[in-house]
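K.L.:
Here is my input, please return the structure:
(2 chains)
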Protein chains: 2
Amino acid sequence: MTKILALTGGVGGAKLALGLAQILSPEQLLFAVNTGDDFEHLGLHISPDIDSLTYALAQQNNTETGWGRAGETWNFIETLGSLGGEDWFRLGDKDLALHTVRSQMLGSGMSLTEATAHIAQHMGIQHTIAPMSDDPVRTIVHCDQGDLAFQHYFVRERCEPKVSGFSFSGIHQARLNPLLKSWLNDCDGVIICPSNPFVSVDPLLQLDGFGEALKNLPVVAVSPIVGGIAIKGPAAKMLQEMNMPATAVAVANHYQGLIDGFVVDAEDKKLIEQINVPTISTPSVMVTLQHRIDLAKACVDFLMTLSAP
Amino acid sequence: MTKILALTGGVGGAKLALGLAQILSPEQLLFAVNTGDDFEHLGLHISPDIDSLTYALAQQNNTETGWGRAGETWNFIETLGSLGGEDWFRLGDKDLALHTVRSQMLGSGMSLTEATAHIAQHMGIQHTIAPMSDDPVRTIVHCDQGDLAFQHYFVRERCEPKVSGFSFSGIHQARLNPLLKSWLNDCDGVIICPSNPFVSVDPLLQLDGFGEALKNLPVVAVSPIVGGIAIKGPAAKMLQEMNMPATAVAVANHYQGLIDGFVVDAEDKKLIEQINVPTISTPSVMVTLQHRIDLAKACVDFLMTLSAP
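P.N.:
Here you go, the predicted model:
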């Protein structure tokens, strides 16, 4: 039996994650999810990347906004604003319920892993979502406005500040989720979903020996950059601001020493010769469920060729 | 200039409160509000009686449900239930925003009085809403299921347990709101709105010398019981369970020694002879805004006759 670990961050990664979940059973597939984007807001513990994956796997993601939960309403946040409350983080009425349930559970002493499992179960999700750690890690964005907490950079400032680097507060104290540790013991390979390499994947790679452990396994990464733009989010902008070309090649270089294979979009086929690990090109812009499944199959097949003896 | 203090609890009292606010300026009228119903729930500080008054004065009360905020939606609480959260207290999406703003303010060190003023101001309310105390007082219902926190009795158990009495946890430590202390110095009279005498008004009367102070002023109370039934809430049921007749007479007797005048509904005119303080009868079932204003005028006029030298 194939056992795969998929690393994922936000909405882009969650699309491929759903494709993988359609072709691999819960015994064959575990998700390791970034928690560096987590933050405390309005008394709630918010885990944006866990939630993006949860909503995607439950097929309850909001296709109108591109983030958040399907069929969402906004009466809470609009009323909050009218009462002088902090309304820059657009919490939907339904989304808010999820944060409340999680916050109540954490407050009662449960771990983030347990709260995540409870929520996933209530949303009909079969696969296990493993937060990278139950300990707090918080992404700090170093930028021309100084140091910003990730959500302040990402949502409040709409990714406008010019980025010079990142750090992950708590990363040296945080322990890897035991579910991940145990999965690595007999894992056949790793897929890095098309998530932001700097803010979605790097926190995972820097955590408690996790990046080192992955080096002993076949690892395939999927480029979140297609034709010079990020399908979703600020990855391309970040690359440019840190003086790297906004291309799939730069992403492959970023993962150098870790990955054994790379996946670029069909549109970027011409870049393959610039990438110094085995690379395939395949359609990677996932609009429909079938696109997600097709890319997932291509990634798994590719990973299997790399892990063959 | 007439200066009046109005004591009020839940939705019934808030109806008369709106009438009073229509005929008396913010310099002439202050509201003293029960906080014994307050509770902590889902990490929020909820003040049902303050909110009933706030929504009523802003004319944002929900006339469909009879409680809560107008134009409410229920996506939060329905989603919370679907995720296994505690959904017996029906928090509307808009209402939730108010609780969140208050909880954030209290968490930042502001008093309940300050948070209440902030919210009232943002809802366009001119009059001052004075929580009876900034210190916690919590109503406990003694009943055939043992001791229940008020909201557990009132909402979760839908007032079904048979009541034997009440106590107010924290009542001996709580300090009267300084706004009320100061208003009493040159107040001309007091109106007790048609609120539940046991759980809405008694906490006020038992607080930090407040009831004693009122004895030096002309006080008029309006019966919340009309024709043997409570217009709203469990007052009639409570009277019966504590072996009192569910009539306006029992309410007047409850306030004996405190009130100088009593107001019963026109329907209960025949009861006047059983009440041993000056009593008037007037329509007191407030459906329209005009009903509220008419009853307010009748109460103020009556109070003025009692306070005349």
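K.L.:
C-alpha from now on. contacts and neighbour counts both.
P.N.:
Fine.
K.L.:
so what's residue A:44 up against?
P.N.:
Applying CA atoms under 8 Å, 6 or more residues apart in numbering or on different chains to residue A:44 gives the contacts A:99-100, A:103.
K.L.:
what about 6 Å?
P.N.:
residue A:103 (CA atoms under 6 Å, 6 or more residues apart in numbering or on different chains).
K.L.:
Likewise for the one 5 residues further on?
P.N.:
Contact partners of residue A:49, counting by CA under 6 Å, 6+ apart, are A:9-10.
K.L.:
What strand or helix carries it?
P.N.:
helix A:48-57 (DSSP states H and E).
K.L.:
so how far is the worst-scoring helix or strand of chain A on mean pLDDT from its chain's centroid?
P.N.:
Least confident helix or strand, chain A: strand A:229-230 with a mean of 82, by mean pLDDT, DSSP states H and E. Relative to the chain's own centre, strand A:229-230 is displaced by 16 Å; criterion: CA atoms, centre = their mean, to the nearest Å.
K.L.:
go on, stretch A:172-189?
P.N.:
Using CA atoms, centre = their mean, the offset of stretch A:172-189 from its chain centre is 17 Å.
K.L.:
ditto for stretch A:75-85
P.N.:
With CA atoms, centre = their mean, you get 29 Å for stretch A:75-85.
K.L.:
For it, which outside residues touch it?
P.N.:
By CA under 6 Å, 6+ apart, stretch A:75-85 touches A:87, A:93, B:93-94, B:97, B:101, B:122.
K.L.:
In helices, which of these appear?
P.N.:
A:93, B:93-94, B:97, B:101, B:122 (DSSP state H).
K.L.:
Could I have the buried ones of these as PyMOL selection syntax?
P.N.:
Filtering these down to the buried ones (16 or more other CA atoms under 10 Å in any protein chain shown) takes a single PyMOL command:
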select buried, (chain A and resi 93) or (chain B and resi 93+94+97+101)
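K.L.:
Just send the ones in helices among the contacts of stretch A:75-85 back as CSV, with pLDDT and distance to residue A:58 too.
P.N.:
As requested, the ones in helices among the contacts of stretch A:75-85 are arranged in CSV below (pLDDT from 0 to 100; distance: CA to CA, whole Å):
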residue, pLDDT, distance to residue A:58
A:93, 98, 18
B:93, 98, 23
B:94, 98, 26
B:97, 98, 27
B:101, 98, 31
B:122, 98, 38
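K.L.:
a markdown table please, covering the ones in helices among the contacts of stretch A:75-85 and showing distance to residue B:305.
P.N.:
Shown next, in a markdown table, are those (distance: CA to CA, whole Å):
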| residue | distance to residue B:305 |
| --- | --- |
| A:93 | 51 |
| B:93 | 45 |
| B:94 | 43 |
| B:97 | 43 |
| B:101 | 42 |
| B:122 | 37 |
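K.L.:
Tell me which two of the ones in helices among the contacts of stretch A:75-85 sit farthest apart.
P.N.:
A:93 and B:122 (21.1 Å; CA to CA).
K.L.:
all strands for chain A, in order.
P.N.:
Secondary structure of chain A (DSSP state E): strands located at A:4-8, A:29-33, A:39-41, A:44-46, A:128-131, A:138-143, A:146-149, A:163-169, A:189-192, A:219-222, A:225-226, A:229-230, A:261-265, A:279-282.
K.L.:
would you list the ones you listed in a markdown table and tack on distance to residue B:266?
P.N.:
A markdown table is the format used below for those (distance: least, CA to CA, whole Å):
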| stretch | distance to residue B:266 |
| --- | --- |
| strand A:4-8 | 70 |
| strand A:29-33 | 67 |
| strand A:39-41 | 52 |
| strand A:44-46 | 51 |
| strand A:128-131 | 65 |
| strand A:138-143 | 66 |
| strand A:146-149 | 64 |
| strand A:163-169 | 69 |
| strand A:189-192 | 76 |
| strand A:219-222 | 78 |
| strand A:225-226 | 77 |
| strand A:229-230 | 73 |
| strand A:261-265 | 80 |
| strand A:279-282 | 82 |
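K.L.:
Comparing those, which yields the minimum mean pLDDT?
P.N.:
Mean pLDDT values for the strands of chain A show the minimum at strand A:229-230, a mean of 82.
K.L.:
who's in contact with the longest helix seen in chain A?
P.N.:
Scanning chain A for the longest helix, with DSSP H as the assignment, gives helix A:289-307. Applying CA under 6 Å, 6+ apart, the contact partners of helix A:289-307 are A:16, A:19-20, A:218, A:286.
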